[in-house]
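> The sequence and its predicted three-dimensional model are supplied below.
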Amino acid sequence: MATNWQTFPIDFRGGLVSNLGELQQGISAPGTATILQNYEPSKEGGYKKVLGYIKFDQDVVPGDTAYPILAVKAVSTTRIVAARQNTSSPAKTQYYYSDGSGWTSLATGTELGGKCRSTTFKLNNADYSLFVDGANYPAIYDYSANTMTFMTSANSSDLSGANHVAFHKGTSFFANGTNIIFSAPYTYDDFSAANGAGVIDVGSDITGLVSFRDQLIIFSKDTIKKLVGSTSADFQLLPVTSKMGCLDPDTIQEIGGDIMYLSPDGLRLFSATDRIGDFGLDIASAPIAKELYTFVNRADITFSSIIIREKAQYRVFAFKDGEKIDIARGFLATKFSDQGAGSIQWSELVGFKVNVADSSYIDYQEIICFGNETGYIYLMEEGYNRDGSTIKAIVETPFMPITDPNVRKSFYKISLFIDPVGIFEAKLNVKYDYIKYNKRNIIQPSPISLTTGDNTVFFYGAPSSIYGTSKYGGTLESVLREPIIGSGKTIAIRITDDSENATHKLDSAILEFMQHDRQ
């Protein structure tokens, strides 16, 4: 009988995976997760607890409180533009701005539109954003003047009700039904054919526009096309695929040199669709296919998405009016290389309720903001809680056979390697022998409390740091060694953190065990 202890290392990487058999996942990918909630696969390795959000302005955006925010755009590091249904009769879409202390009206449409979409661009050394909402004429926000005006039929009657917009090669492009309406070169509001403006019928109802490198990508539900060329004289509309389009425009984002979007078979990358001629290969969301199916096919939901450039991260959210914030769902994808879906790792977001969102990189600072039916505008990636509510983060590994899946092992110790920013407190559960499949009444070990000790380390600028009292420069404990009990043929570990402590990163773990003889 073996008497020596052995070790088994677990490297936390690979993200959330649900498309493998449990034994297969435990053997081939022990560092992946069967549950990865509010942890993000980190570009620095390991799983990092996500940051929270705070209110940008303590005042709600004015308007009808029965309806959610319709638009949000970060126009500077201190100013946000938002839209909401106003309280007039008949109701209309009204835009406001805030510098962090109260909201001021900018402009009011003639109609009540739906969720607004926007694009930001620079023209003649000035910054602008164009907004469309599917009902009104497009609205243009001038950054330097802090003003917003609506286009009219004097620009072009074809623009009324435009619901998608992009700015590409010095030209504004609007989608309305099956038509692309484009302005004269190096303008955003001149739609005179004599000056080079025009209309292109793409033959399908357009579900999204995005400027990507030297081409304008045009999505419908069943097709993807691209517009190449620079002016009306040489524009060419070319097919990408006639088999697989985009289901929702608010899932389209450029990330890491590629475009992510929601297609009928999951979340796809545009480069893969373009390259393979669309044979259903290289679907980015394949590792989370089961979860995504449930996520997408709920009734009465809408989608929104953002990118976090500094983390090469894509986030998509499902919004359902009236749903409690604590159960709102989303998914997070971190892209680890420029090409290929195999470089993407996933996790699930819980407690982030987002109807509209925007992320802008301004003066070397990334601003990520969103709104929902509360009427507040929030800043994401700020603080360690959700505007005062805790972030419950969970990592659960697959059941790992360690060596032979039919031989019992006794487990004695776990060493957890972490990278903390502050105090770390969590619960560790050890599970044996595929408990969700096993009909026997297996008694599992009690949870183990993990902690790095009392609050003796302080950080400059933190709310808990007191001048003249707090001590700085202490060393944070990064290796936690805990005894564990029990035996089994397979083992899984689960780490749960529902504190408001500073974020942390789970790097790896080492299990120490003894293997018994085959029976």
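Cool, the structure landed. Residues are numbered from 1 along each chain as shown.
> ok, now how distant is residue 91 from residue 135?
As judged by CB to CB, to the nearest Å, residue 91 and residue 135 stand 11 Å apart. (C-beta placed from N, C-alpha, C; glycine too.)
> swap in residue 246?
According to CB to CB, residue 246 stands 21 Å off from residue 135.
> Comparing these two, which shows the higher neighbour count?
Taking neighbours as other CB atoms under 10 Å, residue 246 and residue 135 compare with residue 246 leading, 26 against 17.
> What sits closest to residue 176 if chain neighbours are left out?
On the basis of CB to CB, 6 or more residues apart in numbering, the spatially nearest residue to residue 176 that is not a chain neighbour turns out to be residue 162, at 4.5 Å.
> pLDDT value on the one you found, please?
You'll see residue 162 listed with a pLDDT of 97.
> Report the contact partners of it.
Counting by CB atoms under 8 Å, 6 or more residues apart in numbering, residue 162 makes contact with 132, 134, 137-138, 174-176, 181.
> Tell me the one among the residues you listed nearest to residue 259.
Closest approach to residue 259 among these (CB to CB): residue 175, at 16.1 Å.
> Next one: the closest one from residue 332, what distance?
Taking CB to CB, one finds residue 175 at 28 Å from residue 332.
> circling back to that earlier point, who touches both of residue 91 and residue 135?
Counting by CB under 8 Å, 6+ apart, the shared contacts of residue 91 and residue 135 are residue 112.
> thinking again about what came up before, quick one, phi/psi of the residue nearest to residue 176?
Backbone dihedrals for residue 162, given as degrees, to the nearest 10, come out at phi -60, psi 140.
> give the contact list for residue 327.
By CB under 8 Å, 6+ apart, the contact list for residue 327 reads 350-351.
> what residue is smack in the middle of this structure?
Closest residue to the average C-alpha location of the chain: residue 315 at 1.0 Å, with CA atoms, centre = their mean.
> how about it, what does it touch?
By CB under 8 Å, 6+ apart, the residues touching residue 315 are 305-308, 330-333, 349.
> Just the pLDDT for it.
For residue 315, pLDDT reads 98.
> and stretch 207-227, how far apart are its ends?
With CA to CA, to the nearest Å as the measure, stretch 207-227 spans 15 Å from end to end.
> That stretch - what's its average pLDDT?
Taken as a whole, stretch 207-227 carries a mean pLDDT of 93.
> Give me the distance from the host helix or strand of residue 345 to the chain's centre.
If you go by DSSP states H and E, residue 345 is part of strand 344-350. Remark: strand 344-350 is offset 8 Å from the chain centroid, using CA atoms, centre = their mean, to the nearest Å.
> Which elements pack onto it?
Other helices and strands packing on strand 344-350, by 3 or more CB pairs under 8 Å, 6 or more residues apart in numbering; DSSP states H and E, are strand 35-37, strand 39-41, strand 329-335.
> quick one: that strand to strand 329-335, angle?
Going by axes from the mean of the first three to the mean of the last three CA atoms, to 10 degrees, strand 344-350 is angled at 160 degrees with respect to strand 329-335.
> show me where pLDDT drops low in the stretch 1-150 of the chain?
1-3 (pLDDT under 70).
> Recalculate using a threshold of 50.
Low-confidence segments of the stretch 1-150 of the chain (pLDDT under 50): 1-2.
> Could you pull out the helices in it for me?
For the stretch 1-150 of the chain, helices defined by DSSP state H, counting those that start in this stretch occupy the ranges 22-28.
> wait, what's in contact with residue 114?
Residue 114 makes contact with 70, 133-135, 163, according to CB under 8 Å, 6+ apart.
> Tell me which of the helices and strands packed on strand 344-350 lies nearest to residue 105.
Among the helices and strands packed on strand 344-350, the nearest to residue 105 by CB to CB is strand 329-335 (31.1 Å).
> what sits up against the closest one?
Residues outside strand 329-335 that contact it (CB under 8 Å, 6+ apart): 15, 40-43, 50, 255-256, 258, 260, 267, 284-285, 288, 291-292, 295, 311-318, 343-350, 352, 354.
> Residue 286 reaches residue 17, doesn't it?
No: using CB atoms under 8 Å, residue 286 is not in contact with residue 17, being 9.6 Å away.
> List the beta-bridge partners for residue 217.
Judged by DSSP bridges, the bridge partners of residue 217 are residue 210, residue 226.
> Burial check on it, number of neighbours?
Residue 217 has 24 neighbouring residues, counting by other CB under 10 Å.
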